[in-house]
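[1] fold the following for me, if possible:
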Amino acid sequence: MIILGIDPGSRLTGYGIIEDTLQGYKYIASGSIRIKADYFPDRLKQIFDGVLEIIDNYKPEQMAIEQVFMHKNADSALKLGQARGAAICAVQTQGISVYEYAARQIKQAVVGKGAADKLQVQHMVKILLNVQGELSLDASDALGIAICHGNYQQTAKMLSKQGMVR
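    Residues are numbered from 1 along each chain as shown. Prediction:
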């Protein structure tokens, strides 16, 4: 299964694509959608179009995205929520399932502690996916989100096989 992870932002939206195989996770691609527009509605369209281009190129079957958390600045939180909405809408137009995870869940799944910082997530993502070379923080966060989703899906599958979940 190919999983798209999205780390939304109104100026920079990270993405990461992994494949969940029988041998573990395989790194496929990662990067950032760099938003050039100043007018906010144009930024949202660039996120929407950028996510559609990623979907067209890599054909993910599922998408995972970080849930909104409350910033100290309400305006920043609203903009982040709108950036998430643009990415989610792009994915939904393609019939791809969307899953949301809290930041603490993602950090716990990747690093083993919910209070990990971005550098710890980046380090573990590189190890888990055997990524050589540079990996931006936005891309590593997005890959972490995809790994978190893969872990949750594997656990749900295992529990359903044991008759513990329907």
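
[2] flag every buried residue along stretch 102-114.
    Buried residues in stretch 102-114, counted by 16 or more other CB atoms under 10 Å: 103, 105-111. Any C-beta I mention is one placed from the backbone N, CA and C, and that applies to glycine too.

[3] any idea which helix is longest in this structure?
    Longest helix in the chain by number of residues (criterion: DSSP state H): helix 137-161.

[4] any idea how far that one is from the chain center?
    How far helix 137-161 lies from its chain's middle: 10 Å, per CA atoms, centre = their mean, to the nearest Å.

[5] for it, which positions count as buried?
    137-151, 153.

[6] what about the helices in the protein?
    Along the chain, counting by DSSP H, helices occupy 40-58, 74-92, 103-111, 118-129, 137-161.

[7] for the last one, name the packing helices and strands.
    So the one you mean is helix 137-161. Applying 3 or more CB pairs under 8 Å, 6 or more residues apart in numbering; DSSP states H and E, we find helix 137-161 packed against strand 2-7, strand 12-21, strand 24-34, strand 62-66, strand 97-101, helix 103-111, helix 118-129.

[8] quick one: that helix to helix 118-129, angle?
    Put simply, helix 137-161 runs at 60 degrees to helix 118-129, going by axes from the mean of the first three to the mean of the last three CA atoms, to 10 degrees.

[9] could you do the second one as well?
    With the same axes, to 10 degrees as the basis, helix 74-92 and helix 118-129 are set at 20 degrees to each other.

[10] from the chain's centre, how far out does helix 74-92 sit?
    How far helix 74-92 lies from its chain's middle: 13 Å, per CA atoms, centre = their mean.

[11] coming back round to it: adding mean pLDDT and distance to residue 87, write the helices and strands packed on helix 137-161 out as a markdown table.
    Shown next, in a markdown table, are those (pLDDT from 0 to 100; distance: least, CB to CB, whole Å):
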| stretch | mean pLDDT | distance to residue 87 |
| --- | --- | --- |
| strand 2-7 | 97 | 5 |
| strand 12-21 | 96 | 7 |
| strand 24-34 | 96 | 9 |
| strand 62-66 | 96 | 6 |
| strand 97-101 | 96 | 9 |
| helix 103-111 | 94 | 16 |
| helix 118-129 | 96 | 19 |
